[in-house]
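Student: here is my input, please return the structure:
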Amino acid sequence: MRGEADIILVSAPGERSVLTVDPKRAQEEALAICGDKIAAVGATSKVMELKGPRTQVIELGGRTAMPGFIDAHVHFLLYGVNHLGINLKAPNVKSISDIKRLVKERAAALGSGKWVKGWGYNHTELAEGRHPTRFDLDEVSPDNPVILTRTCGHIAVANGKALELAGIDDSVVDPPGGRFGRSGARLDGVLYEAAQDRVLKAGAYTLEEYAEGLKVADRDFLEWGITSVHDEGLAGPLGMRALVEGARSGALHVRVYASVGRFIGDTSGDHYLETGLVTGFGDDRLRIGSYKIMVDGSSSGPTSATREPYASDPEDFGILYYSQNELDALVGKAHSKGFQVTAHCIGDRAIEMMLNSFAKALGTPPKLDCRHRIEHCAICPPDLVSRVKDLGVIPVAQPIFFYEFGGGYISNYGRERVGYMFPMKSFIERGIPVAMSSDSPVTTFNPFMNIYEAATRKTKDGQVCGESERVNVMEALCAYTVGGAHAAFEEQKKGSLEAGKVADVIVLSGDIVRMPIEEVKDMRVDLTISGGEIVYAKV
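Tutor: Residues are numbered from 1 along each chain as shown. From the prediction side, this is the model:
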C-alpha cells in the first residue's frame, strides 16, 4: 500500500466496527480513504501504514462505519421543493379546518394571484374523514390558485382559481388513467392520478425554486447518511437542468441516478427516447437512469390496480394508465432504444401486466443484462415472485410504508394480500436482487425506520403485515446498499466498502448489527463522507 491517507476510520482495540457489506469480508477493523476513493480495508496495523502527518484519524469507539445508504426510489427534487410550500404532514394538521387556516395564512403572506402549494395530507386521518374540496379552499383563497397534494402523490385537490388557470371546467372529460372528482354536475376539485397533470403544469415550479429545493434535499439526505438516490420524480426539463447545474457547481453532493419517462399523465419525458441519451449517460455525480412508466395508482389512495376487488369495496379494482397492448408498445420501444425500463406498479394486476410486457420485450435485442425494474412491486403473490425471478427483474421495495399506511392496507386489501406486499424475504430467498427505498416524500426517508419496518412489518398501531416476509437487519442493509448499487449498474463502484470504490462512507451512532431491533429505529448518523469529503458531521 502506497501514499498517504486523507482519512482513516479505526475500530476500538479488539473490535471490528467497519461493516463492509461485502460478503467476502463482512466486518473489518479499519478503513483508509485517499482522495475520493477507498484505499484500504482490513486490519488496523496494515491500514495505519497509510497514516501520514496530514491524515485525519477518526476513532469509531463502538460506532459502525458502513457504506452510504442508496435510496433506490425517492422523489429527491420533489422532497426539496415541497419544503417551499405548506407541510400538511405536520402534527397540527388534523382536520380540513386546519388545512383551510394554513392555506389562508399562506395566501395572505404571498399576495393575491400567487400559487399556494402544499403536500402530505391523508384524508383518512383528517377529522372529517374526507378530502378537502375546491369549495373548502375557495372559502379561504378565492384569488390565489391552490393545489394540495395527498401524501401518496397520486391524488390532489385544486381550488377554483387553479382549475381556471389550467383551463378546466365542469364539462371536462376524464383523461386516460385519471378521474376528476365531482359533486353532482360540478367538479369538486379532487384530482385522481392523471387528472392532476394540467393543474401541475399550470403551477409548475421555476428553475430557481428547483435549485433552492435541491439544496434542502441534499442537506437533509446527507444528514441521514444517504449518499446516493434514484430520483423517480421525473421532474421535467427544468428539474433536470437544476440537477445538472447542481452537479456542475458542486452544490450537489448526493449522487443522483435520474429516471426519465412518463409521470402522472405527463409524457414530456418521451423525448429522451429520440436523443440517444440512455441509461448510464453522465458521470459519478449525476447519471440518466431508467425510462419509467406509470402503470397504476397508489397503495394508500387506494388507486392501485388489483386482480381481485378491494376488500373495502367489491366494485373497485383501481386505476390503470394503459391497456396491455399500449404498455407492450411503450416498454418495447424504450427497451429497443437501450434503456433500462421500469414502472410504477403497486397492484398485482399492474405487476402482471408489466411482467407480460417485459417477457415480450426481452425476446428482442438488446438482450444482455437489461436489469429492468419494477418500482414498488407491492402486491406480489408467489406466482408473480416466480415470474420476477425468471425474467431477471429487479423489484424496488418500500417496507417503510407499513408503518404509516399498513392499517389502510389491511382495510382495503385484506390480510391475505397484505401478507405478501413488499415480499422482501421471498425475493431474497429466491435470489432476486431486491433494492430498498423510501419513496420520500410519500413517507419519511429515515433509513433506520425503513430497516426496522423491513424487520418487523409493524403498523403504527402494532399490527403485523405478514410475519413470514420479515428480514433481518443485515439483509435489509444489503438491500439498502449493494442492492441499490446493482439496480443502477454501479456495483463495481459503490455499495460496499472495498478498495477502489468511491469513498461514500457513513458512521452510525451505534452498533446496528448487534443492538435490539427496537433500538434500530432510533439510530442516527454521526458522520457522512461523500467522495472522500466530510459533508455532514453531527454537532
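
Student: quick one: the strands in the stretch 351-500 of the chain?
Tutor: Using DSSP state E, counting those that start in this stretch, the strands of the stretch 351-500 of the chain run over 373-376, 394-397, 435-436.

Student: buried deepest among the ones you listed, which one?
Tutor: Among these, the stretch with the highest mean neighbour count (mean count of other CB atoms under 10 Å) is strand 435-436, at a mean of 30. C-beta coordinates here come from the backbone N, C-alpha and C atoms, glycine included.

Student: which outside residues touch that strand?
Tutor: For strand 435-436, contacts defined as CB atoms under 8 Å, 6 or more residues apart in numbering pick out 70-73, 394-399, 424, 450, 454, 476, 479-480, 483-484, 486-487.

Student: apply 7 Å and report the result again.
Tutor: For strand 435-436, the external contacting residues (CB atoms under 7 Å, 6 or more residues apart in numbering) are Ala72, Ile394, Val396, Ala397, Asn450, Ala454, Ala476, Ala479, Tyr480, Gly483, Gly484, Ala487.

Student: could you identify the most distant pair in those residues?
Tutor: Using CB to CB, the pair of the contacts of strand 435-436 lying farthest apart is Ile394 and Asn450, separated by 17.6 Å.

Student: domain assignment for this protein?
Tutor: Per automatic domain parsing, the structural domains of the chain span 7-67+505-509+520-537, 76-202, 205-495.

Student: how far out from the middle of the chain is the last one?
Tutor: Centroid displacement of domain 205-495 relative to its chain, using CA atoms, centre = their mean, to the nearest Å, is 7 Å.

Student: let the chain start at 51 from now.
Tutor: New numbering, starting at 51: the last item is domain 255-545.

Student: between the contacts of strand 485-486, which is nearest Tyr463?
Tutor: The shortest gap between Tyr463 and any of those belongs to Ala447, at 16.2 Å (CB to CB).

Student: what's the closest one in contact with, if anything?
Tutor: Applying CB under 7 Å, 6+ apart, we find Ala447 in contact with Cys427, Phe472, Met474, Val484, Met486.

Student: tell me the pLDDT of the fourth one.
Tutor: Confidence per residue is given as pLDDT, and for Val484 that number is 98.

Student: of the contacts of strand 485-486 - the most surrounded one?
Tutor: Greatest neighbour count in those, by other CB atoms under 10 Å, goes to Gly534: 33 neighbours.

Student: ok, it to Arg335 distance?
Tutor: Distance, Gly534 to Arg335, using CB to CB, to the nearest Å: 16 Å.

Student: then Arg269?
Tutor: Arg269 sits 16 Å away from Arg335, going by CB to CB.

Student: now Glu583
Tutor: Distance of Glu583 to Arg335, computed by CB to CB: 12 Å.

Student: okay, now Glu179: neighbour count?
Tutor: Just to correct that, residue 179 is Gly rather than Glu. Counted with other CB under 10 Å, the neighbours of Gly179 add up to 10.

Student: sorry, that was for Asp363
Tutor: When neighbours are defined as other CB under 10 Å, Asp363 has 10 of them.

Student: contacting residues around it?
Tutor: No contacts exist for Asp363 under CB under 7 Å, 6+ apart.

Student: any idea how far Ala245 is from it?
Tutor: Asp363 is 19 Å from Ala245, by CB to CB.

Student: then Asp186?
Tutor: Distance, Asp186 to Ala245, by CB to CB: 18 Å.

Student: who's in contact with the helix or strand encompassing Ala267?
Tutor: Secondary structure assigned from DSSP states H and E places Ala267 in helix 257-273. If you take CB under 7 Å, 6+ apart as the criterion, helix 257-273 is touched by 126-127, 129-131, 133-134, 279, 285, 288-289, 291-292, 295-296, 301-304, 495, 575, 578, 580, 585-586.

Student: just the C-alpha atoms of that helix, please, in PDB.
Tutor: Extracted C-alpha coordinates of helix 257-273, given in PDB (Å, rounded to 0.1, in the frame of the first residue of the first chain):
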ATOM      1  CA  LEU A 257     -35.700  26.800 -12.100                       C
ATOM      2  CA  GLU A 258     -34.900  28.900  -9.100                       C
ATOM      3  CA  GLU A 259     -37.400  27.000  -7.000                       C
ATOM      4  CA  TYR A 260     -35.900  23.700  -8.100                       C
ATOM      5  CA  ALA A 261     -32.400  25.000  -7.300                       C
ATOM      6  CA  GLU A 262     -33.500  26.000  -3.800                       C
ATOM      7  CA  GLY A 263     -35.300  22.700  -3.200                       C
ATOM      8  CA  LEU A 264     -32.200  20.800  -4.300                       C
ATOM      9  CA  LYS A 265     -30.100  22.500  -1.600                       C
ATOM     10  CA  VAL A 266     -32.700  21.400   1.000                       C
ATOM     11  CA  ALA A 267     -32.800  17.800  -0.200                       C
ATOM     12  CA  ASP A 268     -29.000  17.500  -0.500                       C
ATOM     13  CA  ARG A 269     -28.600  18.800   3.100                       C
ATOM     14  CA  ASP A 270     -31.300  16.600   4.700                       C
ATOM     15  CA  PHE A 271     -30.400  13.400   2.900                       C
ATOM     16  CA  LEU A 272     -26.700  13.700   3.800                       C
ATOM     17  CA  GLU A 273     -27.600  14.200   7.500                       C
END
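
Student: and the strands in the stretch 51-200 of the chain?
Tutor: With strands called from DSSP E, counting those that start in this stretch, the stretch 51-200 of the chain shows them at 57-60, 68-69, 77-78, 80-84, 87-92, 106-109, 115-117, 119-124, 136-137, 166-171, 196-200.

Student: TSV please, covering those strands and showing distance to Asp378 and mean pLDDT.
Tutor: Listed next are those as TSV, based on distance: least, CB to CB, whole Å; pLDDT from 0 to 100:
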stretch	distance to Asp378	mean pLDDT
strand 57-60	50	98
strand 68-69	43	97
strand 77-78	47	94
strand 80-84	47	98
strand 87-92	43	97
strand 106-109	53	98
strand 115-117	38	98
strand 119-124	24	98
strand 136-137	41	96
strand 166-171	34	95
strand 196-200	30	96
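
Student: point out the most buried one among these.
Tutor: For those, the largest average neighbour count (mean count of other CB under 10 Å) is found in strand 119-124, namely a mean of 30.

Student: what mean pLDDT does stretch 502-521 get?
Tutor: 97.

Student: who touches it?
Tutor: By CB under 7 Å, 6+ apart, the list of residues contacting stretch 502-521 from outside reads 449-450, 452-454, 456-457, 459-460, 468-471, 473-476, 478, 486, 522-523, 526, 567, 570-571.

Student: can we see that at 8 Å?
Tutor: Residues from elsewhere that reach stretch 502-521, judged by CB under 8 Å, 6+ apart: 449-454, 456-457, 459-460, 468-476, 478, 486, 522-523, 525-526, 529, 567-568, 570-571.

Student: what do you get for stretch 74-90?
Tutor: Here stretch 74-90 makes contact (CB under 8 Å, 6+ apart) with 51, 53-61, 65-70, 91-94, 96-98, 100, 115, 547-553, 555, 563, 579, 581-583.

Student: in helices, which of those appear?
Tutor: Counted as lying in helices by DSSP state H, out of those, are Thr94, Lys96, Val97.

Student: within its sheet, name the partner strands of the helix or strand where Tyr242 lies and how each one runs.
Tutor: According to DSSP H and E, Tyr242 maps onto strand 236-243. Strand pairing for strand 236-243, using DSSP bridges, gives strand 205-208 (antiparallel), strand 228-233 (antiparallel).

Student: measure how that strand sits relative to strand 196-200, angle-wise.
Tutor: 50 degrees (axes from the mean of the first three to the mean of the last three CA atoms, to 10 degrees).

Student: which residue is nearest the centroid of this protein?
Tutor: Val124 (2.2 Å; CA atoms, centre = their mean).

Student: how much space between that residue and Ile276?
Tutor: Separation of Val124 from Ile276 (CB to CB) stands at 8 Å.

Student: list the buried residues in the helix holding Ala267.
Tutor: Using 16 or more other CB atoms under 10 Å as the test for burial, helix 257-273 gives Glu259, Tyr260, Ala261, Glu262, Gly263, Leu264, Val266, Ala267, Asp268, Asp270, Phe271, Leu272.
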